[in-house]
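Novice: Just the structure for this:
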Amino acid sequence: MASTPKGRATYHHGDLAAALVQTTLEIIDEVGVRGFSVAEAARRTCVSPGAPYRHFADRDALLAAAALEVSRRLRAIYLDRVADVGSPQERLATVAGTFVRAAARYRGGLDILFAPGLRAIHPELRDSSREFVDLLLPSAFEVVAPGEAAATAVALLDALHALARGYVAQLLEGKFGDPDDVVEGVAIRATRAARALVAGYGVPSGPVGEEGRDR
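Specialist: As a prediction, the model looks like this:
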């Protein structure tokens, strides 16, 4: 009996779009965005080269769909981490660890999520970023000092994003060691750094010792 081609075990009729998105993320993890091709995604999913185009207009459309999937997963990781977190300061600090964990799990996925060229032609990616910002803004408004302008809350979120992306870059470059081995330690370091950043923007947090699931 012939062996089952790679990908056939997970692809079922009617789920081709989802299977292609997952395969796209796997390919990008291996060869990066530049090395990705729709033809390779089709091959690994065991469909004809033209089949993906029944679901996605072109290569960029498939990449955008994969980026949106990463956005959903990033949001899910964050919401899981803050489910039992009470203070707004800690909810914001958790963003840094969330990005680190997502980067270790999805690697190239964050590259396509924030790719400027892709975002320019697929506004749904910008919308997904705004939705994440909207999720964080209430906590930011709670944190900034009374009387501060809304721009301060936005600046805080921008700074958190920059800090998180910095740790992600260093993690994936191998500065701390093999990403799979060190991800939790780096996530904790990133969260601690984010706590210090958040503290510099606003009012003191709650009683000492109120922290989330990262230490």
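Novice: Next, give phi and psi for the nearest residue to residue 152 once chain neighbours are set aside.
Specialist: When the adjacent residues along the chain are set aside, residue 152 lies closest to residue 144, with 4.8 Å between them (CB to CB, 6 or more residues apart in numbering). (Glycine included, C-beta is placed from N, CA and C.) Note on residue 144: its backbone torsions stand at phi -60, psi 150 [degrees, to the nearest 10].
Novice: Tell me the bridge partners for residue 144.
Specialist: For residue 144, the beta-bridge assignment (DSSP bridges) gives partners residue 202.
Novice: Hmm, residue 157 and it touching each other?
Specialist: No: judged on CB atoms under 8 Å, residue 144 makes no contact with residue 157 at a distance of 10.6 Å.
Novice: In terms of neighbours, single out the busier of those two.
Specialist: Taking other CB atoms under 10 Å, residue 144 and residue 157 do not tie; residue 144 has more neighbours (21 against 18).
Novice: ok, now which ones touch residue 56?
Specialist: Neighbour list for residue 56: 17, 20, 38, 62, 65 [criterion: CB atoms under 8 Å, 6 or more residues apart in numbering].
Novice: where's residue 168, which helix or strand?
Specialist: Using DSSP states H and E, residue 168 sits within helix 150-173.
Novice: mind checking how far that helix is from the chain centre?
Specialist: For helix 150-173, the distance from its own C-alpha centre to the chain's C-alpha centre is 12 Å (CA atoms, centre = their mean, to the nearest Å).
Novice: Show residues contacting the helix or strand containing residue 28.
Specialist: When elements are defined using DSSP H and E, residue 28 is found to belong to helix 16-31. Applying CB under 8 Å, 6+ apart, the set of residues contacting helix 16-31 from outside is 7, 10-11, 35-36, 40-42, 44-45, 47, 51-52, 54-56, 62-63, 65-66, 69-70, 106-109, 111-112.
Novice: One more pass at 7 Å, please.
Specialist: Under the contact criterion CB atoms under 7 Å, 6 or more residues apart in numbering, helix 16-31 has outside partners 7, 10-11, 36, 40-41, 44-45, 47, 51-52, 55, 62-63, 65-66, 69, 106-109, 112.
Novice: Now list the buried members of those residues.
Specialist: Neighbour counting over those (16 or more other CB atoms under 10 Å) leaves 7, 11, 36, 40-41, 44-45, 47, 52, 62-63, 65-66, 69, 106-109, 112 as the buried ones.
Novice: Skip the chain neighbours and tell me the closest residue to the most centrally placed residue in the chain.
Specialist: The centre of the chain sits closest to residue 74, judged by CA atoms, centre = their mean, with a distance of 4.0 Å. In space, residue 74 comes closest to residue 102 once its chain neighbours are excluded; the distance is 4.7 Å by CB to CB, 6+ apart.
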